[in-house]
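Novice: I would like to see how this sequence folds:
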Amino acid sequence: MSEEELNVAVESDVLDSHFLFKQKTAKSDRLLDYDYKRCNGCGLCIRVCPKKAIEPGPLIEIATGLDAPPVIIDHTRCSFCGMCAAFCPVRSIRMTVDQKDILELDQFPHLDSKVVFNDKCLPCLLCEKACPEEAIKVDLTFPKKETVSPFKEGKTGDIIVDMEKCTLCGACAVLCPAFVLVEKKAKADDLLPFDDLVVDKAKCDYCGICVPFCPEEAIKVKGDFNENEIKEIAPKIAGTIKMDNDKCTRCGWCEAVCPYDAAEVTKPFEGEIELIDEKLKGCDPVGCHGCFNVCPSKAWIIPKDKKIDVVKDFCTFCGACEKACHVKAIGVKRTQAKHTPVLDKPWADDWKKAISSLIGEERARPDVSRSLHVEKEEKKAEPAIVKPVTDPRLRKLVDERIEKMSSILGNKQVRHVWERKDLETALREIKKKMKN
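Specialist: Numbering: from 1, shown residues only. Just a heads-up that it's a prediction; the model follows:
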């Protein structure tokens with residue numbers, strides 16, 4: 001091999017939130033692009049890196065507001081093998097070889113996950129509006145009311161939407177401005193992005209085209225129209241749906257929210273996630289919110305009957321929440337990593353070791369026997385929580401007083417006294433109401 005072929009040049013640059021590392025040789029140009037704003041700190045890149053060129057950042061602080069990279073890449077140690085980019089579940093690390101993304105090159109195994117919309121898809125608005133990453137774009141192409149049946153002034157009639165049948169798909173609101181969707185923020189335990197569908201009767205001329213148009217036959221209209229003629233001119237729901245794989249985290253919200261079973265999600269990992277009860281006493285989900293902030297699936301919730309919980313169906317088992325939890329109350333275990341085939345190449349064994357490290361096995365790396373190792377301190381077992389014995393009668397009385405106190409503190413008059421007057425006056429007002 002000539003001297004020119006052995007020459008390797010490595011450069012680094014920063015562009016907005018992207019750390020760019022370039023390796024140039026006589027054979028190829030490689031670009032490693034790390035977007036620290038996209039990174040959630042799961043640390044899988046640290047596990048798979050054969051050169052220990054990636055180190056964790058202060059994720060607990062980052063999860064609660066610090067603006068810093070969740071991982072630090074030492075480009076002087078990096079071999080530009082591409083393993084970090086191949087197994088990043090949120091695509092915060094990407095690598096190109098001669099301007100081609102390695103996920104499109106067979107010689108680079110990578111996570112095998114996908115979202116497919118089958119022929120049951122209408123399409124409608126639900127998945128687009130519910131998607132927490134705004135990764136879905138729906139373009140409804142059917143002709144609208146103003147084209148099919150222009151608005152006629154002075155028409156009278158009646159229109160009823162059967163909300164027991166309605167799926168809140170939103171197609172009617174795209175067809176006709178008389179339908180108004182009441183939007184709300186979707187959450188992991190309440191996926192519907194709409195709260196209601198209402199009819200603005202000032203914009204309705206009771207033309208009836210919405211009746212045959214509705215896929216659920218949920219709309220009834222009384223008006224001056226011919227049903228057969230309306231069936232002829234009413235459009236069919238049509239459109240396109242596109243998935244942005246650079247944004248999609250395979251959370252599964254689209255699959256769960258779709259009333260037509262049209263979305264099929266293959267997640268990159270199988271595994272388990274648990275909350276460790278004895279550690280939860282130190283958890284402050286409102287003040288901390290760390291697990292919420294790093295979860296790519298937005299799977300964390302605060303239910304009424306528990307301090308905190310996770311909707312396991314949406315977990316991708318990346319493990320970021322486990323690392324972000326300052327009280328170590330979360331446990332994540334991956335049991336399977338789905339990946340494309342590892343080709344029979346000289347470097348195949350190293351890729352297989354990287355894949356094994358994703359599901360718990362320690363990453364095999366080059367011999368570092370002459371290095372100094374510091375023994376890790378063993379984790380001390382947490383003492384079991386002993387719940388005190390309580391008198392059910394007294395407990396009931398306490399619960400009743402707490403419930404009454406909560407109601408009083410929500411009273412506008414009490415709040416006014418509390419916020420505008422001195423503490424003693426507020427306490428007297430509260431005590432007076434507690435006695436009533």
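Novice: only C-alpha atoms from now on, for both contacts and neighbour counts.
Specialist: Fine.
Novice: other SSEs contacting the strand or helix carrying Ile402?
Specialist: Assigned by DSSP states H and E, Ile402 belongs to helix 392-409. The elements that helix 392-409 packs onto, with contact taken as 3 or more Cα pairs under 8 Å, 6 or more residues apart in numbering; DSSP states H and E, are helix 423-435.
Novice: so for the helix it packs on, what gets flagged as buried?
Specialist: Ala426, Glu429, Ile430 (16 or more other Cα atoms under 10 Å).
Novice: for Ile54, give the beta-bridge partners.
Specialist: Ile73 (DSSP bridges).
Novice: what's near enough to touch it?
Specialist: Cys45, Ile46, Val71, Ile72, Ile73, Asp74 (Cα atoms under 8 Å, 6 or more residues apart in numbering).
Novice: ok, and what's touching whichever strand or helix holds the second one?
Specialist: So the one you mean is Ile46. Element membership for Ile46 (DSSP H and E) is helix 44-48. Identification of contacts with helix 44-48 by Cα under 8 Å, 6+ apart yields 52-56, 83-85, 87-88, 318, 353-355, 357-358, 362-363.
Novice: also stretch 21-37?
Specialist: By Cα under 8 Å, 6+ apart, stretch 21-37 touches 4-13, 17-20, 68-71, 75, 80, 82, 85, 92-99.
Novice: just stretch 276-295 next, same as before
Specialist: With Cα under 8 Å, 6+ apart, stretch 276-295 has contacts from 40-41, 60, 63-64, 298-302, 307-308, 320-322, 324-325, 327-331, 382-385.
Novice: and the end-to-end length of it?
Specialist: 18 Å (Cα to Cα, to the nearest Å).
Novice: likewise stretch 325-343?
Specialist: 38 Å.
Novice: can you check stretch 170-178 too?
Specialist: Chord length of stretch 170-178, first to last residue, is 12 Å (Cα to Cα).
Novice: over to stretch 310-319?
Specialist: Span of stretch 310-319 from end to end, Cα to Cα: 13 Å.
Novice: chain center to it, what's the gap?
Specialist: Relative to its chain's centre, stretch 310-319 lies at 9 Å (Cα atoms, centre = their mean, to the nearest Å).
Novice: pull out the buried residues from it.
Specialist: Of the residues in stretch 310-319, those buried (16+ other Cα under 10 Å) are Val310, Phe314, Cys315, Thr316, Phe317, Cys318, Gly319.
Novice: can you flag which of those residues belong to helices?
Specialist: Using DSSP state H, no member of those sits in helices.
Novice: next, format those residues as TSV and append pLDDT and distance to Asp344.
Specialist: What follows is these, written out as TSV (pLDDT from 0 to 100; distance: Cα to Cα, whole Å):
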residue	pLDDT	distance to Asp344
Val310	98	40
Phe314	98	34
Cys315	98	33
Thr316	98	29
Phe317	98	29
Cys318	97	28
Gly319	97	30
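Novice: let me know the closest of those to Leu397.
Specialist: Leu397 has its nearest neighbour among the buried residues of stretch 310-319 in Val310, at 31.9 Å by Cα to Cα.
Novice: dump the residue contacts of the closest residue to that closest one other than its chain neighbours.
Specialist: Distance criterion Cα to Cα, 6 or more residues apart in numbering; nearest residue to Val310, sequence neighbours excluded, is Trp300 at 4.4 Å. Counting by Cα under 8 Å, 6+ apart, Trp300 touches Ala188, Cys291, Phe292, Ile308, Asp309, Val310, Val311.
Novice: quick test: name the residue nearest the centre of this protein.
Specialist: In the chain, the centroid-proximal residue (Cα atoms, centre = their mean) is Ser297; its distance is 2.5 Å.
Novice: inside helices: which ones of the contacts of stretch 276-295?
Specialist: Ile60, Ala63, Ala320, Cys321, Glu322, Ala324.
Novice: widest-spaced pair of the residues you listed?
Specialist: Most distant of the ones in helices among the contacts of stretch 276-295, by Cα to Cα, are Ala63 and Glu322, 11.3 Å apart.
Novice: quick one: which of the ones in helices among the contacts of stretch 276-295 is nearest to Glu104?
Specialist: Ala320 (26.4 Å).
Novice: buried ones among the contacts of helix 44-48?
Specialist: For the contacts of helix 44-48, a neighbour count by 16+ other Cα under 10 Å gives the buried set as 52-54, 56, 83-85, 87-88, 318, 353-355, 357-358, 363.
Novice: in strands only, show me the residues you listed.
Specialist: Under the assignment DSSP state E, the buried ones among the contacts of helix 44-48 contribute Ile54, Pro56 to strands.
Novice: list just the nearest of the buried ones among the contacts of helix 44-48 to Lys184.
Specialist: Taking Cα to Cα as the measure, Lys184 lies nearest Cys318 of these, at 27.9 Å.
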